[in-house]
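K.L.:
Okay, here's the prediction I keep looking at, along with the sequence it came from:
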Amino acid sequence: MVGPEGTSRLDVAVDQTAGTVVALAASLDAPRGALVLEAGGCLVGPGLVDLHTHLRQPGREEAETVETGARAAALGGYTAVVAMPNTEPPIDTAGVAREVLDLGRGCAAEVAVAGAITVGRAGAALAPMGELAALGVTLFTDDGAGVQDGALMRRALDYAKGLGVTLAQHCEDACLAAGGAMHEGSWSSRLGIPGVPAAAEEVMVARDIALARLTGAPIHFLHLSTAGSVELVRRAKADGLPVTAEAAPHHMLLTHAAVAGYDPVFKVNPPLRTDEDVIAVVAGLCDGTIDAVATDHAPHAPEAKDVPFDQAPPGMLGLQTALPIAWEVLSPALGVERVFALMSAQPAAIARLRVTDPRLAGHSAHGGPVEVGATANLCVFDPTASTTVEPGWLASRSRNTPYAGRTFAGAVRHTVLRGEPVVIDASAQR
Amino acid sequence: MSAPRHLLSVADLGRDGIAEVLRVAEAFAEVERRSVPKVPTLRGKVVATLFFEESTRTRLSFETAAKRLSADVLSLAVASSSVKKGESLRDTVETVEAMGIDAVIIRHSSAGAPHQVARWVERARVVNAGDGWHEHPTQALLDCFTVRQVLAERKGASPEELGIDCFEGLRVLIVGDVRHSRVARSEVLAYRALGAQVTLVAPGSLLPPSLEGWPVEVAADFDDALGDADVVSLLRLQAERGSGSYVPSLREYTAGWGLTARRVSRLREHAIVTHPGPMVRGVEIASDVADLPRTVVTQQVANGVAVRMAILFLLLGGELPGAAGVPAVA
């Protein structure tokens, strides 16, 4: 059992009807008829929370649906995901938010939504943030693009502060990034692919830190990918500014060298960067500069990725591989408790999912700790097993994983959602 | 040499491969001088040109090369094809291959498109005829071929006698829009593979963002660099790729990096000027400079056919045992 302070060897009893943990002890006898999930040698932690999931519904159901994305999440050990608002139409009205929330009911993981900051994610006028906040939306972002207009972003921050919600920024200066399809550097120069300089991300991180200072409103930085961004956030935190940040597993593991064969499966935004950037992102996760591992799970149908590199949409699958990658990259330095904190308690806090929101009927508390009386949202991870990424293993409707054929140490064995086993022995039950 | 399966990059060839291409191209250049410049080498083979980007000389050159080898040529005109109806590159390529094509010659505005096509085809050979800013291998090969030809003529020797060592230590200056130039990337690989020294000179905004790993020098001053060069390779300012906005004006570009009559006087007597065409007279090259004997643009175009015949022969005909029409190679 993984707790915030340490790990202990325990049995856990869950009341399936109440959906809560009812007993924790070194050895419990299962009552007659009880369902017993074997977890010998496994780590039992709070269910993971993903701050950054593209579920593609409505609008791109050929790539993913709420149901298939939630199933992939559960198989990855997640009990809650935050659906990004860049759907078609975007989640910029209560109607679309309600549709996605409704689609999420009964799925294998709980689905929260992020709302758009601006109408149509067009960066011109504020979306009805109050109306969305009334539905329990706590995160707002134009993810896929940054809010380019600094004055509009400042206004959004002032408004969000009054609502008690958090703005999340996809940091990318559109002018500096224009036309770019991969990280601008040695590989882009050699491959002849137009690049996106690290500065395209960093100038917006720097601007938004200044705006956080100006407004006092919290800002969450999505998918930090450069050493410069990590350092900017590190200094902002040292200054006591209300900023948080996430990083994606692929930015902890892969570099721009992966693009050498022009396979669009390695195209992602922000792009895969240099070795130095990967090291800085991992260091940021280790020293607390970066608060959360977030997948940026971005499904795309095969035909969308089967095109020339510069024409392909950016994005890669992430939900089913995030924990094995975090385990491999981070656990040697951080230990199991802090890996779970980066993937459960801390993202749950940023998305304000640690407590049940009365406005969100059917939503439960995420992020642990796993204790008697708490909602039984659990992730059971077997560090002695392994995860081999094969197309047929993916629950997503899409296949755009950059890890095809790779094997990672550790595998998600069971996932329990509100007391219900939604994944048993790596097999989805919903 | 064992021919590579595809020609996607000059790097697929290496020094020995380039030497082989030049050797075979000399033999085909001889064919071209015959009264009937045609050999049956690739009779029964079908070569398709898939040009997704405008081109005059490269397409004509490949198609002429294929016809002189007696291959059947299919030419996909993108403007009137199903591509315009929304067919994907992959489906287009698979459709073309299903017709029994032996080689696909592709030009595409996206870097790496030929690499992807090479993954999609089952048996056809793929030739990169220019992909985005990435590479244009046959252009670099014909540039090398032309340079050797000129060096041989001046020595009164045959190119074969000169061999491949004539590039050793040769000083090549590549001038202009390197950032957006597929010719420059292929030339750097080709000239370096053959032992030449390569220097780039360009406005800062038209150099690639990173030259890490490039075996080149960068000259600060065009005028100084000109005096050292044996070969000056001029690149076109790629206005259609927006290169115009990378410099304040064409006038300023010409003033700094155009090969003007005044600059030509700095060149060493034997220095050769190449240009992949199409030239924009008055921008990267002054009109009277373009017409100097040392400017070998016309020879480059003429040699393009022989070099592309060699590429098609090596990719398609290399395995034909004792095929009739394979020219006697010196």
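P.N.:
Arrived safely. The shown structure was predicted, so the numbers you read here are calculated from the model rather than taken from an experiment. Residues are numbered from 1 along each chain as shown, chains lettered A, B, ... in the order given.
K.L.:
B:Val297: neighbour count?
P.N.:
B:Val297 has 19 neighbours, counted by other Cβ atoms under 10 Å in any protein chain shown. Using the backbone N, CA and C atoms, a C-beta is placed for each residue, glycine as well.
K.L.:
got it, and B:Glu122?
P.N.:
7.
K.L.:
Below-threshold pLDDT in the stretch 251-400 of chain A: ranges please.
P.N.:
A:358-362 (pLDDT under 70).
K.L.:
For it, list the residues in contact with chain B, please.
P.N.:
A:Gly261, A:Tyr262, A:Asp263, A:Glu303, A:Asp306, A:Val307, A:Pro308, A:Phe309, A:Asp310, A:Gln311 (Cβ under 8 Å from any Cβ of the partner chain).
K.L.:
Quick check: the last one touching B:Ser110?
P.N.:
Yes: contact status for A:Gln311 versus B:Ser110: in contact at 6.1 Å, counting by Cβ atoms under 8 Å.
K.L.:
okay, the two: which has more neighbours?
P.N.:
Each of A:Gln311 and B:Ser110 has its neighbours counted (other Cβ under 10 Å); B:Ser110 has more, 24 against 17.
K.L.:
Spatially nearest residue to that one (excluding sequence neighbours)?
P.N.:
A:Pro308 (3.3 Å; Cβ to Cβ, 6 or more residues apart in numbering or on different chains).
K.L.:
quick one, what contacts the one you found?
P.N.:
If a contact means Cβ atoms under 8 Å, 6 or more residues apart in numbering or on different chains, then A:Pro308 has A:Tyr262, A:Pro264, B:Leu89, B:His108, B:Ser110, B:Ala111, B:Gly112, B:Ala113, B:Gln116 as its contacts.
K.L.:
Go again with 7 Å.
P.N.:
B:Leu89, B:His108, B:Ser110, B:Gly112, B:Ala113, B:Gln116 (Cβ atoms under 7 Å, 6 or more residues apart in numbering or on different chains).
K.L.:
So which residues of chain B form helices?
P.N.:
Under the criterion DSSP state H, chain B contains helices at B:14-32, B:57-68, B:89-98, B:113-120, B:137-155, B:159-162, B:182-193, B:222-226, B:250-257, B:261-264, B:287-290, B:297-312.
K.L.:
just checking, which of these sits deepest inside the structure?
P.N.:
helix B:182-193 (a mean of 26; mean count of other Cβ atoms under 10 Å in any protein chain shown).
K.L.:
helices or strands next to that one in the packing?
P.N.:
Applying 3 or more Cβ pairs under 7 Å, 6 or more residues apart in numbering or on different chains; DSSP states H and E, one finds that helix B:182-193 contacts helix B:14-32, helix B:137-155, strand B:171-175, strand B:197-201.
K.L.:
can you rerun that using 6 Å?
P.N.:
Helix B:182-193 is packed against helix B:137-155, strand B:197-201, with contacts defined by 3 or more Cβ pairs under 6 Å, 6 or more residues apart in numbering or on different chains; DSSP states H and E.
K.L.:
count of residues packed around B:Thr36?
P.N.:
I think there's a mix-up here, since residue B:36 is Val and not Thr. 7.
K.L.:
if I look at it, how far off is B:Arg308?
P.N.:
Distance, B:Val36 to B:Arg308, by Cβ to Cβ, to the nearest Å: 19 Å.
K.L.:
just how off-centre is the lowest-mean-pLDDT helix or strand in chain B within its chain?
P.N.:
The weakest-scoring helix or strand in chain B, judged by mean pLDDT, DSSP states H and E, is strand B:72-77 (a mean of 89). Averaging C-alpha positions (Cα atoms, centre = their mean, to the nearest Å) puts strand B:72-77 20 Å from its chain's average.
K.L.:
partners of it in the sheet?
P.N.:
strand B:46-51 (parallel) (DSSP bridges).
K.L.:
Name the residues of the strand it pairs with that come out as buried.
P.N.:
B:Val46, B:Val47, B:Ala48, B:Thr49, B:Leu50, B:Phe51 (16 or more other Cβ atoms under 10 Å in any protein chain shown).
K.L.:
any chance of those residues in CSV, plus pLDDT?
P.N.:
CSV is the format used below for the buried residues of strand B:46-51 (pLDDT from 0 to 100):
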residue, pLDDT
B:Val46, 96
B:Val47, 97
B:Ala48, 96
B:Thr49, 96
B:Leu50, 94
B:Phe51, 94
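K.L.:
List just the nearest of those to A:Arg105.
P.N.:
Relative to A:Arg105, the closest of these is B:Leu50; by Cβ to Cβ it sits at 49.6 Å.
K.L.:
which of the residues in the least confident helix or strand of chain B are buried?
P.N.:
B:Asp72, B:Val73, B:Leu74, B:Leu76.
K.L.:
report the angle between the axes of that strand and helix B:89-98?
P.N.:
Orientation note: strand B:72-77 sits at an angle of 160 degrees relative to helix B:89-98 (axes from the mean of the first three to the mean of the last three Cα atoms, to 10 degrees).
K.L.:
Extract the CA atoms of strand B:72-77 and return them as CSV.
P.N.:
Output in CSV follows, covering the C-alpha atoms of strand B:72-77 (Å, rounded to 0.1, in the frame of the first residue of the first chain):
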residue,chain,number,x,y,z
ASP,B,72,7.8,3.1,-70.2
VAL,B,73,7.1,6.3,-68.5
LEU,B,74,3.9,7.2,-66.6
SER,B,75,3.6,10.8,-65.5
LEU,B,76,1.2,11.7,-62.8
ALA,B,77,0.1,15.2,-63.3
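K.L.:
So what touches it?
P.N.:
B:Val46, B:Val47, B:Ala48, B:Thr49, B:Leu50, B:Glu63, B:Ala66, B:Lys67 (Cβ atoms under 6 Å, 6 or more residues apart in numbering or on different chains).
K.L.:
Most widely separated two among those residues?
P.N.:
B:Leu50 and B:Lys67 (17.0 Å).
K.L.:
Run through who's touching stretch A:99-111.
P.N.:
Outside stretch A:99-111, the residues that reach it (Cβ under 6 Å, 6+ apart) are A:66-67, A:70-71, A:73-74, A:78-81, A:83, A:113, A:362-363, A:422, A:430.
K.L.:
Apologies, that question was intended for stretch B:121-133.
P.N.:
A:192, B:6-8, B:58, B:97, B:101, B:103-105, B:107-111, B:113-114, B:117-118, B:135-137, B:180, B:182, B:315.
K.L.:
how far does that stretch stretch from start to finish?
P.N.:
23 Å (Cα to Cα, to the nearest Å).
K.L.:
now that stretch, how far from the centre of its chain.
P.N.:
14 Å.
K.L.:
That stretch - what's its average pLDDT?
P.N.:
For stretch B:121-133, mean pLDDT rounds to 97.
K.L.:
Check stretch A:134-148 too.
P.N.:
Mean predicted confidence for stretch A:134-148 is 97.
K.L.:
Flag the shaky bits of chain B, pLDDT-wise.
P.N.:
Residues of chain B that meet the criterion pLDDT under 70 lie in B:1-3, B:79-80, B:82, B:318-330.
K.L.:
Chain B against chain A: which residues are in contact?
P.N.:
Within chain B, the positions near chain A by Cβ under 6 Å from any Cβ of the partner chain are B:90, B:110-113, B:115, B:132-134, B:208-210, B:212-213.
K.L.:
which of those residues are buried?
P.N.:
Buried, going by 16+ other Cβ under 10 Å: B:Arg90, B:Ser110, B:Ala111, B:Gly112, B:Ala113, B:His115, B:Gly132, B:Trp133, B:His134, B:Pro208, out of the residues of chain B next to chain A.
K.L.:
could those go into a markdown table alongside distance to B:Arg268?
P.N.:
As requested, those are arranged in a markdown table below (distance: Cβ to Cβ, whole Å):
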| residue | distance to B:Arg268 |
| --- | --- |
| B:Arg90 | 50 |
| B:Ser110 | 39 |
| B:Ala111 | 35 |
| B:Gly112 | 38 |
| B:Ala113 | 40 |
| B:His115 | 39 |
| B:Gly132 | 34 |
| B:Trp133 | 31 |
| B:His134 | 32 |
| B:Pro208 | 28 |
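K.L.:
The nearest residue to B:Asp102 once chain neighbours are set aside: neighbour count?
P.N.:
With Cβ to Cβ, 6+ apart as the criterion, B:Asp102 has its nearest non-adjacent residue at 4.5 Å, and that residue is B:Lys45. Each residue near B:Lys45 was counted by other Cβ under 10 Å, and the total is 21.
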